[in-house]
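Asks: prediction below, plus the sequence it came from.
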Amino acid sequence: MNLWHKIRGLILPLLAVGGLAIWPVITGNASNRETAFTILKAVALASSLNILLGYTGYVSFGHIVFYGFGGYVGFYLLTAQGYSLWIALLAGGLASGILAFLLGKAVLRLRGAYFALSTIGINEAMKAFMNNFDLFGGPTGITLHFSIYKEYGGVTEALQTAFYIIVALSLIAVTLSYFVRTSKFGLGLLAIRENEDAAEVMGVFAPNYKTWAYVLSAIIPGIIGVLFFFKNGNVEPHDAFPLHASIELLVMVMLGGQGTVLGPILGAFAYQGMRGYLVTSDFFKDIQLSVSGALLLIIVLFIPAGAIGWLRQRSPLLRRVLA
Amino acid sequence: MTIILQVQGVTKRFGGLQALTDVTFDLPKGQILGLIGPNGAGKTTLFNTINGVYSPEEGRILFLGKDITTKTPYIHANMGMARTHQIVQPLNELTVRENVMVGACFGHENQNLANAARIANEVLEFVQLEERADQLAGSLNVAQKKRLEMARALASHPTLLLLDEVLAGLNHSEIDGMIQMIHDIRDQGVTIIMIEHLMRAVMNISDRILVLDYGQQIAEGSPQEIADDPKVIEAYLGDPELARKLMEEK
C-alpha cells in the first residue's frame, strides 16, 4: 500500500517511454528505431533539464554543454585510449557531473536572467575551447575508426546496442526525475523555485541544493553525448555544442509542463513529432527553428505552466493523478 | 533561567543610513518580547539581523549560547529559529500542506517527508487551515496566508519564534483568534519576539517590551512601565493624550 502510494505516479511516465521503446522492436523496422532513438534522447535530455529548470527554477539556455563536454571526454577515451563503450559512457557522465559541480559553485549565485545569460556564455566558451584543444582534435574533432564497431558485433549490432542503451537511459532519467520530484530533496528544490529567500529562512540549504540539482541534471546528458557520438562515428565542436539544441530542450520542457515528471516526456514526443513533420515539409523545412521560437513565445504568453501544468492547476484530483 | 538569545551592541548600517545603533538585550526562555516603535524605527531590520538575512557591522548575536552573528538563515533555522514575514512569502505553486512540510523538513528537527506530512496536518488544524491543505498556497486570502506563515514557522517546532506583524491586516475576530494562538504557542514553551503595531494586543501579550526609535533602543521594560514612559509616548506619538486614547481603543 505504502509502496504503491510512493510509485503510482511513475507508472504513466514509464508506460509512455516503454511503449515508444517497444514500438521499433515489434515492427522490426530500422527507420522506426532511429525515430524512437531521437525521441528517447529528447525525453532523457528534457527530463534532466527539468530537474534544474522545472524543479529548481533556474533557466539554463546552455544545458547542451554537458552533452557536448561529456560526449567529448567519453569519445576521446573510446577512440584514442581504447577504453570500452561502457567505461566511456560512465566517464562522460562523471565528467559532466564534475563540470556541473564546479560551474555550480561559481554561477548558481546568480539569479534569473543573469544565470540564464551565464549558461549561454559557458556553452560558447566551451565550444571555443574545444575548437582550440588539440588533444580533442581542435576544429576537426575526433573520428572513430570503423573497426571499433567490430567489438560490438558490427555496425548493425552496434546501432541496436545503442538503441537499447538510450532506452535504459531514458527510463533512468524519468525515474530519477520522479524520485527527485517526490523526495525531501525535491521539496527543497521546489521551495527554492518558489521563493529562494523564504526557503533559506525555513532552513533549506540553498547553495548546496542548487549545486546538486545542477549535477543531477548534467550526468545523463553527458552519457548521452558519448552514446550519440559513438553512434555517429565522429564529434566536432559545432555538433557537440549547438545552442539551438539547448533552446529546443527548453521548448520541450515548457511545452509539456516544467516541474512535472510527465511534462518533459509529453513535450519531447510532441516537439519531435512536430519537428519530424516540419523538416519533411516543403514549406517549413528551412524555417523549422522559427516555428519552435514562435511556439516558445506562445507557451510563455498563454500557458506558462505547459500542458501538464495547466491540467494540474485545474483540480486537486488531477494533481494526484498526474505527477 | 536559561537565556535563549543574547543581542550585544548590534549596529547595522545601510550606506549612510544608521538602521540600528548599539541594540542590546537578553531574552530568557519562555518569554514573549514585544518589539515596538514608529515606522522605520528598525524593527524588521533587527529581525533580519537576528535571523541572519543581514549581518551587523558591529556587535554579536548569541543563540542558545552560540555565536550566530555571521551565519546564514538556514543555519539559524537548523538551530531552531523560525520566523514569519511582514509581507507574506507563500510558496505559491505548492499546496498549503507542502508549504508547511517545508518548515518541518528543513527546520531543526529535520523530519522525513512522512513525519513532516503528519506534523503539517497537526499544525494546519491548529491554525484552522486544515480544509485548505490541498489548495495551492497562492489561492489563499491575506488572513489565511498570515496563518500559513505561522503554520510553516510552527511546523519546525522552533525554540525561538520571530513574529513580524502577524496581526496587521486582520479584522477584529481574526485578531482575537491570532492572539489566542500566540498564547497557546507560548504555553507550549516557545520563546517569542513579536513586532506589532497594535498597542492593545502587544500590551496584553508581552511579558516585556523593547522600544526602538530611529534604530536606537529608547526603552525596555514591562508593558506598564513602557505605557507610562513619557519618552516612549513622545517618540511614538508626539502627543501623550492621543497615546492614552489609543491604549484604551478596543
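Replies: Happy to help now that I have it.

Asks: tell me the centre residue of the chain?
Replies: Assuming you mean chain A. In chain A, the centroid-proximal residue (C-alpha atoms, centre = their mean) is residue A:45; its distance is 1.3 Å.

Asks: oops, chain B please
Replies: Centroid-nearest residue in chain B: residue B:163, 1.7 Å away (criterion: C-alpha atoms, centre = their mean).

Asks: so where's the chain uncertain?
Replies: As the question left the chain open, I've gone with chain A. A:1 (pLDDT under 70).

Asks: chain B is the one I meant
Replies: For chain B, the ranges with pLDDT under 70 are B:1, B:237-244, B:246-247, B:249-250.

Asks: tell me which stretches of it form strands.
Replies: Using DSSP state E, the strands of chain B run over B:3-14, B:17-28, B:32-36, B:58-63, B:66-67, B:81-83, B:160-164, B:191-195, B:208-213, B:216-221.

Asks: nearest to residue A:179, of these?
Replies: strand B:81-83 (28.5 Å; C-beta to C-beta). To be clear about C-beta, it is placed using only N, CA and C from the backbone, and glycine gets the same treatment.

Asks: any idea how far residue B:189 lies from chain A?
Replies: 20 Å (C-beta to the nearest C-beta, to the nearest Å).

Asks: so the lengthiest helix in chain B versus strand B:191-195, what angle?
Replies: Assignment by DSSP state H gives helix B:172-187 as the longest helix of chain B. If you take axes from the mean of the first three to the mean of the last three C-alpha atoms, to 10 degrees, helix B:172-187 sits at 150 degrees to strand B:191-195.

Asks: Three-state assignment for the closest residue to chain B within the stretch 151-300 of chain A, please.
Replies: Going by C-beta to the nearest C-beta, chain B is nearest to residue A:203 of the stretch 151-300 of chain A, at 3.1 Å. Under the three-state scheme (DSSP: H, G, I helix; E, B strand; the rest coil), residue A:203 adopts coil.

Asks: so how many other residues sit close to it?
Replies: 29 (other C-beta atoms under 10 Å in any protein chain shown).

Asks: unless I'm mixing things up, it is touching residue B:104, no?
Replies: No. Counting by C-beta atoms under 8 Å, residue A:203 stays clear of residue B:104, with 9.7 Å between them.

Asks: need the overlap of contacts for these two.
Replies: By C-beta atoms under 8 Å, 6 or more residues apart in numbering or on different chains, residue A:203 and residue B:104 have these common neighbours: residue B:156.

Asks: give me every residue that touches residue 160.
Replies: Here I'm looking at chain A. residue A:33.

Asks: nope, chain B
Replies: The neighbourhood of residue B:160, defined by C-beta under 8 Å, 6+ apart, consists of B:4-5, B:27, B:63, B:80-82, B:190-193.

Asks: which positions within stretch A:32-43 qualify as buried?
Replies: A:33, A:35-43 (16 or more other C-beta atoms under 10 Å in any protein chain shown).

Asks: would you turn those into JSON lines with secondary structure and distance to residue B:68?
Replies: As requested, those are arranged in JSON lines below (DSSP: H, G, I helix; E, B strand; the rest coil; distance: C-beta to C-beta, whole Å):
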{"residue": "A:33", "secondary structure": "helix", "distance to residue B:68": "59"}
{"residue": "A:35", "secondary structure": "helix", "distance to residue B:68": "58"}
{"residue": "A:36", "secondary structure": "helix", "distance to residue B:68": "55"}
{"residue": "A:37", "secondary structure": "helix", "distance to residue B:68": "54"}
{"residue": "A:38", "secondary structure": "helix", "distance to residue B:68": "53"}
{"residue": "A:39", "secondary structure": "helix", "distance to residue B:68": "52"}
{"residue": "A:40", "secondary structure": "helix", "distance to residue B:68": "50"}
{"residue": "A:41", "secondary structure": "helix", "distance to residue B:68": "48"}
{"residue": "A:42", "secondary structure": "helix", "distance to residue B:68": "47"}
{"residue": "A:43", "secondary structure": "helix", "distance to residue B:68": "46"}
